[in-house]
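*Asks:* how does the following fold in three dimensions:
(2 chains)
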There are 2 protein chains.
Amino acid sequence: VRELELIAALEGVLSQAAPPHPRVVRWLGDDAAVVRAAGYAVTSIDSSVDGVHFRVGELSWEEIGHRATASALSDLAAMAARPGEVYLAVGLPAETDPADALALVTGAAQVAGRHGATLAGGDVSRSPVVTVTATVVGWAEDPGQLVGRDGARPGDLVAVTGALGGSGAGLTLLEDPRAADGLSDEQVARLHRRYARPQPRIAAGRLLSAHGATALIDISDGIATDARHLGVAGEVSLVLEAEALPREDGVDAVAAALRTDPRVFAATAGEDYELCVCVPAASRALVQEAWEDRFGSASDALALTWIGRVTETGSGSVPGVTFSDLGDTLSGFEH
Amino acid sequence: VRELELIAALEGVLSQAAPPHPRVVRWLGDDAAVVRAAGYAVTSIDSSVDGVHFRVGELSWEEIGHRATASALSDLAAMAARPGEVYLAVGLPAETDPADALALVTGAAQVAGRHGATLAGGDVSRSPVVTVTATVVGWAEDPGQLVGRDGARPGDLVAVTGALGGSGAGLTLLEDPRAADGLSDEQVARLHRRYARPQPRIAAGRLLSAHGATALIDISDGIATDARHLGVAGEVSLVLEAEALPREDGVDAVAAALRTDPRVFAATAGEDYELCVCVPAASRALVQEAWEDRFGSASDALALTWIGRVTETGSGSVPGVTFSDLGDTLSGFEH
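*Replies:* Below is the predicted model of the structure:
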């Protein structure tokens, strides 16, 4: 009964804060949501568990809901799908304050709404640990609008959106505030936001798809791992320059506090939810122009940085990723 | 990395055991699954947590996967939707045997396949407790084929599929084997199956929809609670006879061991995943005939039992459910 009351309260919050898109025919309050479909449904499910993917004491409840939902929406960005609906299953300890549960769902609904998605259904259950599972559904009229992991071809160029390492640096600062030495309050706050409130690169993914992207993935495990997925799926090698990887402002200071190579930190810390994309070399100028038209070219605009190229898999080498300027430093991450 | 290896093993099992339906364009192995849509998507998400919804020691791993998936698919039965895809997020303690994880996913894939659904995607993450979250997607060409909770009208008749109390009795036997006194091994095994391997009433829901059902819900919390949802959503009263509720074979003996009224046990134990349906009185003969054509009328056939009627909400009474032959026995469950 307590769960039913909490569900009723959540439904009240959602009805006011985030009314459903007109395509949503039935949402909260029935056995299932009903949504008018487009041609193809693009669906992903992703769980976040307290103590594994985040820690309750380190994030606000809104941030917990935001982060779990954003990381799931990032999979839609990585397919270049148009966001549709989010379904949220929340596991909560019995002692959870209902206001905290409402904040969690509000954070989820807000980031969904910001990227054009409706939080259309959910489930609240008791659990010994806070667990947030988000299923995200996107839509495409034509499967040709979508970009998988497997399309990279020799001769393609490789780019990355935004800057890397910020999320990992933000987490480091939560766990060891001494790593903030030499950083301004503004830099610390920005790194925290990069960890706690990532923004899925929905608009960027759709722009890259519209301009000929051959392969696309979001950076959840670190680009050393995620670019390897593109190489393996496409049976090619991605040859990247670690020095070319764009690093978030403040990452170098945090890496120095950890006595880590900042290039390696940016390539492996993960959870930046930027996109790694492959594009035919002939399309580079077109993509760059479209990017600057959409996102601008000011120093604080979302960046697109060219970081390497795709080659055939050489004799004896396996499909994957190589950093031309790191030698064996990253070999543990490449296999 | 261990999670990546487990995911690869799971993908291998699924590729062999349950190849995807042709409408599934991309499934495992990319950022998201891609599925050719029909007119309307019907979606529900449902979590099962060890120690809350089941106990690891009481069920086999296949049963854990089956039960979590079946309970989610039951929401599609309750909407009369055609099953499409299942997405499974599994949280597992670090010490979980990979063979157990594979058995869990196999159980999920098998019950999905039996009811026409494809296990099309998933997520494996570490968690201190075994957690299975299933998102189920069904399809309908026309929203008029779907049946919500809110359509019951005064004059409708109320029916229930199958028999009630079996799941609760099966759970009781797991927790207190002495409650099996007087039951045959076959009865005990059947009650265990009712708890461990429920079958969503997909075909029944679609038949009832095609023959004029006005309101439909699946019985997860017990018919005393679930029928109340129909009354509240439709702003009517469901007047049921507790004595008319069909009870699973063996339930009376288990209820006697618990010193409980077997009618109350059947109405409140829950998790039978049968359907409670409202039908215009004029359609009863047609529904009955179609039911027997489809499911037969032998004593072991799936039953459809008429258990009450829908009335206007009387002066001073609130929308909901009343048991005409129980007095106040169930009043705690009605509010």
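
*Asks:* can you list the weak-confidence ranges in chain A?
*Replies:* A:1-4, A:17-18, A:315-316, A:328-335 (pLDDT under 70).

*Asks:* try it again with 90
*Replies:* By pLDDT under 90, the low-scoring segments of chain A are A:1-22, A:25-31, A:297, A:299-300, A:314-319, A:326-335.

*Asks:* find the residue at the geometric middle of chain A.
*Replies:* A:Tyr273 (2.8 Å; Cα atoms, centre = their mean).

*Asks:* now do that residue against chain B, distance only.
*Replies:* Distance, A:Tyr273 to chain B, by Cβ to the nearest Cβ, to the nearest Å: 12 Å. Using the backbone N, CA and C atoms, a C-beta is placed for each residue, glycine as well.

*Asks:* same thing with A:Ala253?
*Replies:* 29 Å.

*Asks:* ok, stretch A:43-58 near chain B or not?
*Replies:* Yes: applying Cβ under 8 Å from any Cβ of the partner chain, one finds stretch A:43-58 in contact with chain B at A:Thr43, A:Ser44, A:Ile45, A:Asp46, A:Ser47, A:Ser48, A:Val49, A:Gly51, A:Val52, A:His53.

*Asks:* which of these are buried?
*Replies:* A:Thr43, A:Ser44, A:Ile45, A:Asp46, A:Ser47, A:Ser48, A:Val49, A:Val52, A:His53 (16 or more other Cβ atoms under 10 Å in any protein chain shown).

*Asks:* could I get those residues as CSV with secondary structure?
*Replies:* Below are these laid out as CSV (DSSP: H, G, I helix; E, B strand; the rest coil):
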residue, secondary structure
A:Thr43, strand
A:Ser44, strand
A:Ile45, strand
A:Asp46, strand
A:Ser47, strand
A:Ser48, strand
A:Val49, strand
A:Val52, coil
A:His53, coil
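
*Asks:* just the helices in chain A please.
*Replies:* A:2-17, A:61-77, A:98-114, A:166-175, A:185-196, A:202-210, A:223-234, A:251-257, A:262-268, A:284-295, A:331-334 (DSSP state H).

*Asks:* run the chain-centre distance for the second one.
*Replies:* A distance of 8 Å separates the centroid of the chain from that of helix A:61-77, by Cα atoms, centre = their mean, to the nearest Å.

*Asks:* cool, and stretch A:199-211?
*Replies:* The answer for stretch A:199-211 is 12 Å, by Cα atoms, centre = their mean.

*Asks:* swap in stretch A:230-250?
*Replies:* Distance of stretch A:230-250 from the chain centroid (Cα atoms, centre = their mean) equals 16 Å.

*Asks:* can you check the distance spanned by it, start to finish?
*Replies:* For stretch A:230-250, the first-to-last residue distance is 28 Å (Cα to Cα, to the nearest Å).

*Asks:* just to revisit the earlier point, determine which two of the buried ones among the residues of stretch A:43-58 next to chain B are furthest apart.
*Replies:* The span of those, defined through Cβ to Cβ, is set by A:Thr43 and A:Val52 at 23.0 Å.

*Asks:* what's opposite the nearest residue to A:Arg26 once chain neighbours are set aside in the beta bridge?
*Replies:* Among residues not flanking A:Arg26 along the chain, A:Val34 sits closest, at 4.1 Å (Cβ to Cβ, 6 or more residues apart in numbering or on different chains). With DSSP bridges as the criterion, A:Val34 is bridged to A:Arg26, B:Val42.

*Asks:* related to what we said a few turns ago, any chance of the buried ones among the residues of stretch A:43-58 next to chain B in a markdown table, plus distance to A:Glu243?
*Replies:* Putting those into a markdown table (distance: Cβ to Cβ, whole Å) gives the following:
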| residue | distance to A:Glu243 |
| --- | --- |
| A:Thr43 | 38 |
| A:Ser44 | 33 |
| A:Ile45 | 36 |
| A:Asp46 | 32 |
| A:Ser47 | 35 |
| A:Ser48 | 33 |
| A:Val49 | 35 |
| A:Val52 | 33 |
| A:His53 | 30 |
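
*Asks:* just to revisit the earlier point, how far away is the residue nearest to the centre of chain A from A:Gly166?
*Replies:* In this structure, A:Tyr273 and A:Gly166 are 10 Å apart, going by Cβ to Cβ, to the nearest Å.
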